[in-house]
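Novice: have a look; sequence and predicted model below, questions after that.
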Number of protein chains: 2
Amino acid sequence: MQEQAPPMRRGRKRALADTTPRRTVNYRQLRNPFTPQNVFSEDEVAELHATSLRVLRELGIKVLLPEARDLFAAAGARVVDDMVYLDADIVDAALATAPKSFTIHGGTAPREVVMELGTLSFQSGAGAPNVTDLKRGRRPGALRDVEELTQMVQHFDAIQMLSPGVEPQDIAPEVRHYAFTKAQLTLSDKVPFVFSRGSEQVRDCFEMIRAFRDLSKAEFRAKPHCYTIINTNSPRQIDIPMAQGLIDFARYGQPSVVTPFCLMGAMAPVTVAGALVLSHAEAMAAITLTQLANPGAPVMYGSFSSNVDMKSGAPAFGTPEQVKASLGTGQMARHLGLPWRNAAGCAANINDAQAAHETEISAWGALMAGATVIIHAAGWLEGGLSVSYEKFITDMEMVQVMAELCTPTAANEATMAFEALKEVQPGGHFFGCAHTMERYASAFYAPVVADWSNFGTWTERGALDASTRATALWQEIVATHKPPANVTPERLRALNAFIAARTAEGGAFPVS
Amino acid sequence: MQEQAPPMRRGRKRALADTTPRRTVNYRQLRNPFTPQNVFSEDEVAELHATSLRVLRELGIKVLLPEARDLFAAAGARVVDDMVYLDADIVDAALATAPKSFTIHGGTAPREVVMELGTLSFQSGAGAPNVTDLKRGRRPGALRDVEELTQMVQHFDAIQMLSPGVEPQDIAPEVRHYAFTKAQLTLSDKVPFVFSRGSEQVRDCFEMIRAFRDLSKAEFRAKPHCYTIINTNSPRQIDIPMAQGLIDFARYGQPSVVTPFCLMGAMAPVTVAGALVLSHAEAMAAITLTQLANPGAPVMYGSFSSNVDMKSGAPAFGTPEQVKASLGTGQMARHLGLPWRNAAGCAANINDAQAAHETEISAWGALMAGATVIIHAAGWLEGGLSVSYEKFITDMEMVQVMAELCTPTAANEATMAFEALKEVQPGGHFFGCAHTMERYASAFYAPVVADWSNFGTWTERGALDASTRATALWQEIVATHKPPANVTPERLRALNAFIAARTAEGGAFPVS
């Protein structure tokens, strides 16, 4: 048993001429190479689906927006006060018109992402009121944080979509969406996110994106250019801004990502199957609403199910229950044939081993479940109450490794290396052989923040842990940010003029 | 977007009567619930296998032990000096007699583990010269560390087998195997490990295990009661103690776990496919030797392939190349139909986010590859140059979550919770409903070291990171250790008498 590398090789300095081609990888459009894994039998999936339909039919869902109830009623649903009861035929008809594949466009062509079963995109940690980093400490999110985190997302190709990272609480609510959307459009060319906080804000954001991309109104509506996330108010409730968002996005041809947030034991039953029944029912109701508003509108299925700690009621992530719920949700999504969103997560309060373990476990669960989009894959801390700059960087190692796993690996005459095996004698090494020399510069994934030096060297260099090393990295990324190619002075002027005009009009207050 | 739990629930104290049954789980005999994932096509697997056979036939393998060369020669192999050239028919005949399933017995019946494709066992970090913990710092491994780590392995059912955790360097080499085996036998009833450091040491250890379990010599040979790990000296070399171990273990009916340690770019070609060809060739040669020594002897296939950092030559773990090599090795193992060993790994120098990420990535790779045994799953640091007590604890969270994923999850009338969904009104919560009350105490996995309290509570409690919390846990485990049921005064006396007698005779020096 001697499973360490021979000591004399450990401190070996680079002796190879640095002339061979560098590794090039495309992390922008990924396809999940793995077979989606199941937790339930096909019979159980059918039972879960049937029980969710029964929930919608017999128990109903509370819909707080009158316009949404009217759409449901017009489709034949029974509406009693604010309760909507949906028969299976209404849901089936809606699911039949929901597209199984669509493309969301970014600010430049290489940033488009395809949403369908089998594709894979990552999003960084989102929805947090606070941010934290080792230089400035933990604090409420501000516009500067939104901007810096957007720059960090832009830096890494393996994060394909922007997400609502943190809430810029230093900006007044009625103009916050201008600042948030401007940061996305001017610091990144990736797919932007729009909050669903009322029709007026949504229309403002659509207009900013449309104009910045030189699209006519018809062109904007013809293709997805952004997306929103719709969290139902589990159990069995869709509030006013969420219902309005579903309708508005559908009518503008823009996708909603429907995501019930079902914490087992809190907002959902204490069992994986019970939480899935609820989550699936809510998701189908919300998807139905999009199709009633505009049949054929792009929409994504989704779920974010984990459990609470029954001792304290605190949410937990990276648990086996979360992984099982993710696998089960994937089965329900495939049952419907729709692209779907899942999430990594972590409840740790600092970027330590717990944070990494929980994020890895939940992300692998989402990956093996065949999720189309994995949100909260980098930086999410405290169960979503903060985004950590350092965790963003250390989590990117995981995200990039997962992206690397999407690249094919060949076994052919060249890679099987028989000639190299012939050249190197028993007990020798392959450092200098021709096969290695031809490939060494691009053979392996180059890490973001991992330090592979030995204990002595690492100690000499200051014994810095991964979080501390990550600080230097995000600082460098922010300091060296360059605007994407589509950010022109003309577009910037027009954007600023729109914001100035709308701000002068008083902006648009969020609806609740 | 509001993906945090409602604040009022976050600090909720336990209000539920603590009377319902506690969760019981069996982590002792696991079956991997996932479909093994592939990285190569079936055609490529056949090509890899054929190329490995070509390596054995045309390039040969250096075998330093004359007795082993004689066995190969007697089977018809061409032997030139210390080089052995194996035709496919010799290898095929050997592979045909290697059992596809066998059981290794521990000190008590519940500790037996089945080795076959589909079963799953974990081993803690092994083979390290150093240990480290936050109380005593980094230091060369000593007998006390062996004992404490054995107690820690014994504590966690999800680690099913003992492994050569650390080298007790405070014990003289000629009597070290007595102390090491005694620690295993008296502090644990799990499957013990025996170093292959020459026939005399191996026979001593067999005798200690045999006597401690009240077995006759024939009974000992009739079933596996321990195991060894055989690392070839890649590339293409089997040294004297390893070859002797393969022969001795086979003749005593005890399993060898054959594990070429092929670091891509160092001891193996720089490509995944090239490393696999070499690893597979070496594994088949070693397995062949066991079957020539004793046809039908239990033996495991294995591989530990990762890459080096081509800038420094340092070994790297948790890389995409390691995951791909693991997936490929699983395909080769299934091609042969043999149970097989794979490994997690990490090159970090401290139990930080890097350490957790690398360990998770490599462990998930091994899990998805369908490995029968995953070694180095808890505590392995510095690419195997140390074992960390704290990392052992924090990694156990991952191991236990993986064990939990092996348990089935039902979707039936009770778990789908229609009645609970009916009981809880829209926007309400499930904390107090009957369905929850019946299940809350045993519904969810209880974490080892994860702290799910919110930032305020966590800060009040001292803002302890996972490693710091882990210190208290391993100290408690060590302090409260109780000997397993099979450790009787009679057996202990006999064991001590044997050791005293053999020590008086001078012990047995390791062979190199």
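Specialist: Thanks, I have the structure now.
Novice: so what's the backbone phi/psi at residue A:195?
Specialist: phi -70, psi 140 (degrees, to the nearest 10).
Novice: now do the contacts for it.
Specialist: Taking Cβ atoms under 8 Å, 6 or more residues apart in numbering or on different chains, we find residue A:195 in contact with A:164, A:177, A:180, A:201, A:202, A:205, A:228, A:510, B:1. Using the backbone N, CA and C atoms, a C-beta is placed for each residue, glycine as well.
Novice: which of these fall within strands?
Specialist: residue A:228 (DSSP state E).
Novice: now render the contacts of residue A:195 as a markdown table, adding distance to residue A:293.
Specialist: A markdown table is the format used below for these (distance: Cβ to Cβ, whole Å):
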| residue | distance to residue A:293 |
| --- | --- |
| A:164 | 22 |
| A:177 | 21 |
| A:180 | 25 |
| A:201 | 18 |
| A:202 | 13 |
| A:205 | 18 |
| A:228 | 13 |
| A:510 | 21 |
| B:1 | 20 |
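Novice: from the contacts of residue A:195, which is closest to residue A:53?
Specialist: When these are ranked by distance to residue A:53 (Cβ to Cβ), residue A:228 comes first, at 25.6 Å.
Novice: excluding covalently adjacent residues, which one is nearest to that closest one?
Specialist: Excluding the flanking residues, the one nearest residue A:228 by Cβ to Cβ, 6 or more residues apart in numbering or on different chains is residue A:196, at 4.7 Å.
Novice: tell me how many other residues crowd the one you found.
Specialist: 25 (other Cβ atoms under 10 Å in any protein chain shown).
Novice: mind checking pLDDT for it?
Specialist: Looking at residue A:196, its pLDDT is 97.
Novice: for it, give its distance to residue B:237.
Specialist: Distance from residue A:196 to residue B:237, counting by Cβ to Cβ, to the nearest Å: 64 Å.
Novice: contacts for the host helix or strand of residue A:67 next, please.
Specialist: Using DSSP states H and E, residue A:67 falls within helix A:66-74. By Cβ under 8 Å, 6+ apart, the residues outside helix A:66-74 that reach it are A:63, A:79, A:82, A:84, A:86, A:90, A:238, A:243-244, A:246-247, A:288-289, A:292-293.
Novice: stretch A:84-93 too?
Specialist: Residues from elsewhere that reach stretch A:84-93 (Cβ under 8 Å, 6+ apart): A:53, A:56-58, A:60-63, A:69, A:72-73, A:75-79, A:284-285, A:288, A:291.
Novice: show me the two of the contacts of helix A:66-74 that sit farthest apart.
Specialist: Within those, A:90 and A:244 form the most distant pair, 20.2 Å apart (Cβ to Cβ).
Novice: so what's the residue of the stretch 51-200 of chain A found nearest chain B up against?
Specialist: Residue of the stretch 51-200 of chain A nearest chain B, by Cβ to the nearest Cβ: residue A:62 (3.7 Å). With contact taken as Cβ under 8 Å, 6+ apart, residue A:62 is in contact with A:82, A:83, A:84, A:236, A:237, A:238, B:426, B:427.
Novice: at 7 Å instead, please
Specialist: Counting by Cβ atoms under 7 Å, 6 or more residues apart in numbering or on different chains, residue A:62 makes contact with A:82, A:83, A:236, A:237, B:426, B:427.
Novice: try residue A:36
Specialist: Going by Cβ under 7 Å, 6+ apart, residue A:36 touches A:330, A:334, A:369, A:370.
Novice: from the residues you listed, which land in helices?
Specialist: A:330, A:334 (DSSP state H).
Novice: need the contacts of residue A:36 in CSV with distance to chain B and neighbour count, can you?
Specialist: Formatted as CSV, the contacts of residue A:36 follow (distance: Cβ to the nearest Cβ, whole Å; neighbours: other Cβ atoms under 10 Å in any protein chain shown):
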residue, distance to chain B, neighbour count
A:330, 13, 26
A:334, 14, 17
A:369, 11, 28
A:370, 12, 24
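Novice: farthest-apart pair in the contacts of residue A:36, please.
Specialist: Within these, two members stand farthest from each other by Cβ to Cβ: A:334 and A:369, at 9.7 Å.
Novice: what's the helix or strand for residue A:358?
Specialist: Going by DSSP H and E, residue A:358 is in helix A:353-368.
Novice: what's the first helix or strand after that helix?
Specialist: Counting by DSSP H and E, the next helix or strand C-terminal to helix A:353-368 is strand A:373-375.
Novice: please state the offset of that next one from the chain centre?
Specialist: Taking Cα atoms, centre = their mean, to the nearest Å, one finds strand A:373-375 lying 3 Å from the centre of the chain it belongs to.
Novice: next structured bit after it?
Specialist: Next in sequence after strand A:373-375, counting helices and strands by DSSP H and E, comes strand A:380-381.
Novice: what's the burial count for whatever residue of the stretch 151-300 of chain A ends up closest to chain B?
Specialist: Per Cβ to the nearest Cβ, residue A:274 is where the stretch 151-300 of chain A lies closest to chain B, at 3.1 Å. Around residue A:274 there are 29 other residues, counting by other Cβ under 10 Å.
Novice: in chain A, where is pLDDT below threshold?
Specialist: Scanning chain A with the threshold set as pLDDT under 70 gives A:1-22.
Novice: what about 90?
Specialist: A:1-25, A:310-313, A:441, A:512 (pLDDT under 90).
Novice: so how far is residue B:354 from the residue lying closest to residue A:32 once chain neighbours are set aside?
Specialist: Using Cβ to Cβ, 6+ apart and skipping residues adjacent in sequence, the residue nearest residue A:32 is residue A:120, 4.5 Å away. For residue A:120, the distance to residue B:354 equals 24 Å [Cβ to Cβ].
Novice: comparing the two, which residue is more hemmed in?
Specialist: Per other Cβ under 10 Å, whichever of residue A:120 and residue B:354 has more neighbours is residue B:354, with 28 against 25.
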